[in-house]
Every structure is written in structure tokens, then in C-alpha cells.
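[1] fold the following, please.
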Amino acid sequence: MKKFFKTKGVTLSAKAYFVDALSYMALGLFSSLLIGLIIKTVGQQLHIPSFVEMGQFAMDSKIVGAAIGVAVAYSLKAPPLVLFSAVFAGAFGGSLGGPVGSYVAALLATEFGKLIYRVTKVDIIIVPLVVVLVGYYVGTFVGIPINNFMVSLGSLVNWATEQHPFVMSIIVATIMGFSLTAPISSAAIAFMLGLDGLAAGAAVIGCSAQMIGFASISYRENGISGLIAQGLGTSMLQIGNIVKNPLILVPPTLAGIVTAPIAVGIFRMTNNEAGAGMGTSGLVGQFMAFETMGFSTTTLLMVLVFHILLPASISLLCFYFMQQKGWIRKGDLLLSYE
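    Numbers count the residues shown, from 1 in each chain. This next block holds a predicted model:
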């Protein structure tokens, strides 16, 4: 059996499924949802209707799912027929279970497609059929539990919003930050709960800390392109590295835990549901801060300090300490795609 799997390129490898595939999943997300968000934000700020329409289309759940499906299939070195059919698996999985649903549906559909590839003389029919069927049933199967998990996570965030501002800010910032970096939609949680006010302010700081934190601590390894991709795109690009060394999550998470209570508890920074789950992605969180708090020199300074400068500083200090202890090593934060 192992020999058969090997001849079909099915490795049954944890690295292939939880490092490589997740890393490419992040690229699929960046190439659809995140770039769409940036285009849409530019269009809204500069009043360019075509940019808004373009961005909204790229952010559609089925488009995002399809991009993730192709990205996952590509990471698994799928043959052409399997690769193209993975568009459906990712799109359908995403329509029910978001990015995680796309990932699971595309991964299993791709591996089944590779197993059946070149087994019969009618590949043109059998291979897409198998990939589509597996993608549909896996997407249906995982969609419900993923949705239930999102509801439970939302309930936890909702409970946190009812606590003292100090406690609330730490819990909300941490959960929303994790949701943004992990293959979970922090934006979906924010919209589902209608986060606003101080809770949304804490959420955007938690998300910003993840993005700015990873962008700053990985600058030496990824350069300016990595800085921009993570700082304005998504910290999820680090998901493959997080699987290999979860400790790299500590610096940006600590930055959010420290920054949120100060910004929310003392300076009363607020936001809204549109910006709460976005962090610095496309600068949506920052534009929404100006919208809810009003644009002024004071607001601009607070955004610069609490969304960017303080999270970067805390992340770097923590990173250097952990590096000296040997808990984070050279190469742990490198974004590399073959």
C-alpha cells in the first residue's frame, strides 16, 4: 500500500499537510481575500467604484475558497486535472466552513484525485468526478462542525465583552489575534457579533499586534517584501512556521496582551465591526478607527502608537529575549515557497 501511495505522490506526511499545505493556503487567502480587501479599501478612500467592485468580487467566499483550493492542490504537487478540479472542492468547502473548510475539502479531494489519476483510460471524466464528489461530501461533513466552532468562539468573545474593560481587552485582543493568524476568519467573528466600541478597539489591536509583530520580528529573514506582505496583508503567512515552532507566536501575542489594556482601558480607543477583525490589513482597522473616533492629531498619534509602534517594539524585545534563550532560531520565521 505504501508503495502504491508513493507512486501516486501521496506522502501521508505531517509536513506536507500541516506545514506546506497550510503555508500555500495562506498564499491563496492573500491572493483573493486580502488583495481584494486592499483594492476595495483604496477604492472607497479614493472614490473609485471599479476598485470597490473589483475588491468585493475578489473577497467573495467562493472566490476565496477556489483560490485556497488551487493553492493547497499545488502544494501537494497535484497533476493538472486534479489541480483544476480542486477549484470546486475549495469553493464548496469555503462556502460552508470558511478558509478551514476550503483547506480540508481541497486537501482530501486532491489526495483522492491523485490516487485515481492514470488508473483508468478515461481520466478526463473520472479524475474531476472523484475530486468534485470528495470535495462536496468532505465540505458538507466539515462545514457544520466548523460553523459550530465559530459560533462557540463568538460566544466566548461575546462573554469577554461583558467583563471589566481591562480583562475584556486582553481576552478579546488575544482571541481575535489568534483568529487572524490561524486559518479562522477574525473578520467573520467581528461581523457575526457586531463588535463595536471598546471591544472592537481591543480586537483591532490584537489583530494589528499579530501582523505588525510578525512583520517586524521576521524583517531580517524576509526583507521589505515580507514586511509589507505581513504588515499590510496577513500574519497567516507564518502559519506553516507556527506549526514547526509554536513559540514564534509568543512575541506578537504578548504585544497584543500588553497594548490592548493601555489603549482601551486608559485611552478608550474604539472601532467598529468592519475594522475589528482586520488589524492593519489594507489599513482597514486604522481607517475605521478614524471613522469611529474622528480624525484628529490625537487620534492619528494613538493609532500610530498603539496599532504599530508599541506592538512592534514589544514584539522585538520579546523576540530578542527568546532568541538569546534559543527558543527561536534563525530560519524559524523565513517565508519560503518552492
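[2] helix, strand or coil for the residue of the chain positioned farthest from its centre?
    In the chain, the residue that sits farthest from the middle, by Cα atoms, centre = their mean, is residue 121; the gap is 40.1 Å. Three-state assignment for residue 121 (DSSP: H, G, I helix; E, B strand; the rest coil): coil.
[3] what are the phi and psi angles of it?
    phi -90, psi 0 (degrees, to the nearest 10).
[4] ok, now how distant is residue 330 from residue 245?
    Separation of residue 330 from residue 245 (Cβ to Cβ, to the nearest Å): 12 Å. All C-beta spots, glycine's among them, are computed from the backbone N, C-alpha and C.
[5] those two: which is more packed in?
    Counted by other Cβ atoms under 10 Å, residue 330 and residue 245 do not tie: residue 245 has more neighbours, with 14 against 9.
[6] which residues touch the closest residue to that one other than its chain neighbours?
    Spatially, and ignoring its direct neighbours in sequence, residue 245 is nearest to residue 332 (4.9 Å; Cβ to Cβ, 6 or more residues apart in numbering). Residue 332 makes contacts with 241, 244, 245, 248, as judged by Cβ atoms under 8 Å, 6 or more residues apart in numbering.
[7] next one: residue 93
    Residue 93 touches 65, 69, 101-106, 135, 138-139, 142-143, counting by Cβ under 8 Å, 6+ apart.
[8] that one and residue 243: what is the separation?
    20 Å.
[9] okay if I get the contacts of residue 332 as TSV plus pLDDT, secondary structure and distance to residue 190?
    Below are the contacts of residue 332 laid out as TSV (pLDDT from 0 to 100; DSSP: H, G, I helix; E, B strand; the rest coil; distance: Cβ to Cβ, whole Å):
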residue	pLDDT	secondary structure	distance to residue 190
241	91	helix	26
244	89	helix	29
245	93	coil	29
248	95	helix	25
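[10] would residue 279 count as being in a strand?
    No - assessed with three-state DSSP, residue 279 is coil; it does not lie in a strand.
[11] counting neighbours, what do you get for residue 265?
    Other residues lying near residue 265 total 18 when counted by other Cβ under 10 Å.
[12] wait, isn't it in contact with residue 166?
    Yes - at 4.9 Å, residue 265 counts as touching residue 166 under the criterion of Cβ atoms under 8 Å.
[13] quick one: find the helix or strand in the protein with the lowest mean pLDDT.
    Ranking every helix and strand in the chain by mean pLDDT, DSSP states H and E puts helix 2-7 at the bottom, with a mean of 70.
[14] what's the following helix or strand after it?
    helix 14-15 (DSSP states H and E).
[15] beyond that following helix, next helix or strand please.
    helix 21-29.
[16] tell me which strands and helices that next one is in contact with?
    helix 61-75, helix 80-116, helix 239-244 (3 or more Cβ pairs under 8 Å, 6 or more residues apart in numbering; DSSP states H and E).
[17] could you give the angle of it to helix 80-116?
    Angle between the axes of helix 21-29 and helix 80-116 is 160 degrees (criterion: axes from the mean of the first three to the mean of the last three Cα atoms, to 10 degrees).
[18] number the residues from 11 up from this point.
    In the new count, where the first residue is 11, that last one comes out as helix 31-39.
[19] figure out how far the helix or strand following helix 31-39 is from the centre of its chain.
    Downstream of helix 31-39, the next assigned helix or strand under DSSP H and E is helix 45-56. When distances are taken as Cα atoms, centre = their mean, to the nearest Å, helix 45-56 is centred 18 Å away from the chain's centroid.
[20] what's the closest non-adjacent residue to the residue nearest the centre of the chain?
    Residue closest to the average C-alpha location in the chain (Cα atoms, centre = their mean): residue 246, at 4.2 Å. Spatial nearest neighbour of residue 246, excluding adjacent residues (Cβ to Cβ, 6+ apart): residue 36 at 4.5 Å.
[21] could you check how far the residue farthest from the centre of the chain is from residue 137?
    12 Å.
[22] check residue 192 too.
    Computed with Cβ to Cβ, the distance linking residue 192 and residue 137 is 32 Å.
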